[in-house]
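# my questions are about this predicted structure, shown below with the sequence.
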Amino acid sequence: MIDPLVWLILLPLAWATLAFLLGPGRGAWLAIAALLVQWCLAFVLAQKVGAGGTALTHAVGGWGAPLGIDLAVDGLSAAMLLLTQTVALPLAIYARSYFKQDPAGTWFWPLMGFLISGLNALFVSADLFNLYVTLELIGLAAVGLVAAGGGAQQLGAALRYLFAALLGSGAYLLGVALLYGAYGTVSIASLLPLVSDDAPRLVWIAGGLMVVGLMLKTALFPFHYWLPHAHGGAPAPVSALLSALVVKASFYLILRLWLGPLQPLLPTFAWLMALLGAGAIFWGSWQAIRAEKLKRLIAYSTVAQLGYLFLIFPLLAETVALKAGVMQVFAHGLAKAGMFAAAGVFIKATGHDTVAGLAGAVERMPVTLIAFGLAGMTLMGLPPSSGFLAKWQIIEAALAQGHWIIAVVALAGGLLAAVYVFRVLRQAFLLAPEGGTVAPVPRALEWSALALAVGSVVLGLRGVELMQLAGVGA
Amino acid sequence: MTTGMLFALVGVVLFAMGVAGVILIGHLLRRILAFNVMGNGAFLVLVGLAQRNGTPDPVPQAMVLTGIVVAVAATALALALVRKLHALTGQLELPEHADD
Amino acid sequence: MKRVAVVIAAAAFAVALVGAMLEIGPAAIDLRGLVMQHLAESGVGHPVTAVLLNFRGYDTLLEIAVLLLALLVILAVIGDSRAAPPRAAHPVLQTLARLATPPMVVVAVYLLWAGAFRPGGAFQAGALLASAAVLLHLVGLLPAWNPPGSRLRIGLAAGFAVFLSIAAALLPQGALLKYPVETAGMLILLIESSLTISLGLILAGLFLVLSREDGSS
């Protein structure tokens, strides 16, 4: 009897190690085959959770919390696992073609394997210290992917990212230390009944530290300073993985803490989170509209879209807000991965990274342009994309609870996204300049980008099932 | 004031100093050192606070062992980046955001 | 200005936290008691080793992954340059290093074995082995590492691979990393031994790969 939960962690660890053993540059097919299996495992797990209606748990070592470490999968975790494998598989196919003969791809496969294993382990862990270790696994793998084979610019961006990540996990660790001191356990399930709203001041400080540390890792405004350089400067498949999955991991953890042990501390800070989210939407969109480089524009778009996720915090009294958040995570994950993939194709073909350099793309790279356009559709929130579904749910939830300001911000964000998406599309429809050369691009690159972008739109048509899954065990 | 509580209080001070160092210091090697100070402060709090009533507790000690290994890994990684950056540019500080 | 603001904020934070720490009561859950209660079934005699390799062994598994990952990143960043031949230090230093290495190895093996009933274990032993390697490198007897060939890669990954395989092999027991009580001690010793070798290699590698000259001074 194969337990999908455990194998989703063991399998990527195994193929990462195997890819390392195979040597530099090897491991692509191993990764793609394993990711296919992992996708099936995640799907089976999601089915199990959806059918069962309650969370699944697994006591590692047979000990059970608080002595041992517990793993738990509810609807939210199952959804995040599904998203991770769904985005990783096309990106692996994309990366295989992208990194042919590229020194940046020498150790890409083991690094990606460890990144995916960290992500999977994070989404199922129910132990605060174990979550710290998974956060470090993800963070260091992400920094490694950004820095690999890069020049001074990329190294500088990677260092900035590293220091931000270390500050974030350091703050998180101190919070865990304080909670252990106060209650004698780091197990989420054991902490749940112990934390009430007359918790000692220490617990409030601990909660604040953990959330602020995680906000730093999610690049929530104003802690976003490291993201545009790291995501904008890394190779396209790396930027896609980072924007689609890595920043969502720390957001997921904030949500998990918020709905779990830190719940009594909720109402005080929810509006602060929403305010910062609104700031992220406006600032990120403004910088994206002004950006000259294509990947920098897309990175700022990530900053803006992450703001939507924080708008839901004042609305969490209703489960529909959680479902809307999950839908937004999926929509952005698929769309942003597709967008970065498309940008990677443009850069490989034209040789430079500027928006202006896209002139003439419509005749020479139509598939890629369609991919970019569809992804942009999701980011803007046009029906029938999943982005539309997510924003619609947020607006509905906001209006139902009387917080119309959130609805206004969500709508404004959609309009601002339209501005920077159309900026790129308009440039692509211009006539190509004389003498511009376009290198041929492997078809795998274009079609995997298209697959991701199409996925983000099609998900909107099947969104109801995803949202039902997200609500399980909430 | 037991030994454990004293360690925990010192840990808090070290953590605050480390964080200030990572944010303010420009020289990359010193920033890495500040990160180590910050991490060690957090470990001291973890062990000290749990043992504030005098009895040794094996669980936070094991957690700190894990934490130390993770901190070593992160430090080595940071040093590799700094060393390569130095080899490429001769600088030991990060350039200010020039563009965008 | 920014400097002053950050320092004041850090100081205020420290003061607030110290105050909050001084006023809390005792913890609700006594994990130490639980650990001592189950120590006999864990396969080792020392509570910290039991927590590290049995009760919270999953953390240890992930942490080895983090170490291996760090080495991978260093390899990815440093690139393909070859190491320069080592510079020999003064002969007295070299002799001293040569004399010191065998006792270090013996102490490392002792630490590995002692971990079962007193402070010690795979990490301490591995760190000692790595220190011996770094010492030999610093006096010029051990060259910096070139990109690792297949045999070295096997050595580096072996500890983690063994741990992972045992974890997977134990799955039919009902849970991840659930050691059967009779063989727990032997399995833990097996894991720790292979971890010691790999950890020694990985930790040594963290230093020795970095110490490759890459085209600068």
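Cool, the structure landed.

# now the residue nearest the centre of chain A: how far from C:Gln124?
Geometric centre of chain A, nearest residue: A:Leu245, 2.7 Å, by CA atoms, centre = their mean. Distance of A:Leu245 to C:Gln124, computed by CB to CB, to the nearest Å: 36 Å. (Glycine included, C-beta is placed from N, CA and C.)

# and the lowest-mean-pLDDT helix or strand in chain C, C-alpha only, in PDB?
The weakest-scoring helix or strand in chain C, judged by mean pLDDT, DSSP states H and E, is helix C:31-42 (a mean of 88). Extracted C-alpha coordinates of helix C:31-42, given in PDB (Å, rounded to 0.1, in the frame of the first residue of the first chain):
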ATOM      1  CA  LEU C  31       8.600  16.600  26.900                       C
ATOM      2  CA  ARG C  32      11.600  15.600  29.000                       C
ATOM      3  CA  GLY C  33       9.400  13.200  30.900                       C
ATOM      4  CA  LEU C  34       8.000  11.700  27.700                       C
ATOM      5  CA  VAL C  35      11.500  11.200  26.300                       C
ATOM      6  CA  MET C  36      12.700   9.400  29.500                       C
ATOM      7  CA  GLN C  37       9.600   7.300  29.500                       C
ATOM      8  CA  HIS C  38      10.300   6.000  25.900                       C
ATOM      9  CA  LEU C  39      14.000   6.000  26.100                       C
ATOM     10  CA  ALA C  40      14.200   2.200  26.600                       C
ATOM     11  CA  GLU C  41      12.400   1.600  23.300                       C
ATOM     12  CA  SER C  42      14.500   4.000  21.300                       C
END
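
# confidence score at the residue nearest to the centre of chain A?
Predicted confidence (pLDDT) for A:Leu245: 94.

# got the contact list for it?
A:Leu245 is in contact with A:83-84, A:87-88, A:119, A:333, counting by CB atoms under 8 Å, 6 or more residues apart in numbering or on different chains.

# just checking the helix or strand that contains A:Gln153 against chain B, any contact.
In the assignment (DSSP states H and E), A:Gln153 maps to helix A:152-183. Yes - Helix A:152-183 lies within reach of chain B by CB under 8 Å from any CB of the partner chain, at A:152, A:155-156, A:158-160, A:162-163, A:166-167, A:170-171, A:173-174, A:176-178, A:180-181.

# now do the contacts for the spatially most central residue of chain C.
For chain C, the residue whose C-alpha lies nearest the mean C-alpha position (CA atoms, centre = their mean) is C:Phe123; its distance is 4.2 Å. C:Phe123 sits next to B:65, B:69, C:195, C:199 when contact means CB under 8 Å, 6+ apart.

# of those, just say which sits nearest to C:Leu135.
Lowest distance from C:Leu135 to the contacts of C:Phe123 (CB to CB) belongs to C:Leu199, with 16.7 Å.

# just give me the neighbour total for the closest one.
27 (other CB atoms under 10 Å in any protein chain shown).

# what angle do the helix or strand containing it and helix C:31-42 make?
For C:Leu199, the element it lies in under DSSP H and E is helix C:184-210. Put simply, helix C:184-210 runs at 110 degrees to helix C:31-42, going by axes from the mean of the first three to the mean of the last three CA atoms, to 10 degrees.

# would you mark the buried spots in helix C:184-210?
For helix C:184-210, the neighbour count (16 or more other CB atoms under 10 Å in any protein chain shown) marks C:184-185, C:187-189, C:191-210 as buried.

# do it and chain B meet at all?
Yes - against chain B, helix C:184-210 shows contacts by CB under 8 Å from any CB at C:203, C:206-207, C:209-210.

# out of those residues, who's nearest C:Ala88?
C:Phe207 (18.3 Å).

# who's in contact with the closest one?
Counting by CB under 8 Å, 6+ apart, C:Phe207 makes contact with B:76, C:130, C:133-134, C:137.

# repeat the analysis, applying 6 Å as the threshold.
Counting by CB atoms under 6 Å, 6 or more residues apart in numbering or on different chains, C:Phe207 makes contact with C:Val134.

# and the gap between it and C:Ser131?
C:Phe207 is 9 Å from C:Ser131, where distance means CB to CB.

# next: A:Ala59.
Distance from A:Ala59 to C:Ser131, by CB to CB: 38 Å.

# pull the distance from stretch C:145-162 to the chain's centre.
Taking the mean of its C-alpha atoms, stretch C:145-162 sits 15 Å from the chain's own mean (CA atoms, centre = their mean, to the nearest Å).

# same check, this time on stretch A:414-424
21 Å.

# what are the ranges of the helices in chain C?
Counting by DSSP state H, chain C has helices at residues C:2-22, C:31-42, C:47-50, C:57-78, C:91-114, C:122-138, C:150-169, C:184-210.

# give me the nearest residue to the closest residue to chain B within the stretch 101-250 of chain A, chain neighbours excluded.
Of all residues in the stretch 101-250 of chain A, A:Gly181 sits closest to chain B, at 3.1 Å by CB to the nearest CB. Nearest non-adjacent residue to A:Gly181, counting by CB to CB, 6 or more residues apart in numbering or on different chains: B:Leu49, 3.1 Å away.

# and the helix or strand harbouring that neighbour, average pLDDT?
B:Leu49 is located in helix B:28-50, with elements delineated by DSSP H and E. Mean pLDDT, computed over helix B:28-50, is 95.

# check which helices and strands the helix or strand following that helix sits against.
Next in sequence after helix B:28-50, counting helices and strands by DSSP H and E, comes helix B:58-89. Packing contacts for helix B:58-89, counted by 3 or more CB pairs under 6 Å, 6 or more residues apart in numbering or on different chains; DSSP states H and E, involve helix A:128-147, helix A:152-183, helix B:28-50, helix C:47-50, helix C:57-78.

# tell me which of those is the most buried.
Compared across these, helix A:128-147 shows the largest average neighbour count, a mean of 28 (mean count of other CB atoms under 10 Å in any protein chain shown).

# so what touches it?
Residues outside helix A:128-147 that contact it (CB under 6 Å, 6+ apart) are A:69, A:111, A:114-115, A:118-119, A:121-122, A:125, A:155, A:158, A:161-162, A:165, A:169, A:173, A:176, A:186, A:230, A:234, A:238, A:242, A:246, A:249, B:63, B:70, B:77, B:81, C:59, C:62-63, C:66, C:69, C:73, C:76-77.

# distance check, the residue nearest to C:Ser211 when sequence neighbours are not counted against C:His137.
Excluding the flanking residues, the one nearest C:Ser211 by CB to CB, 6+ apart is C:Ala144, at 4.5 Å. Plainly put, C:Ala144 is 7 Å away from C:His137 if you go by CB to CB.
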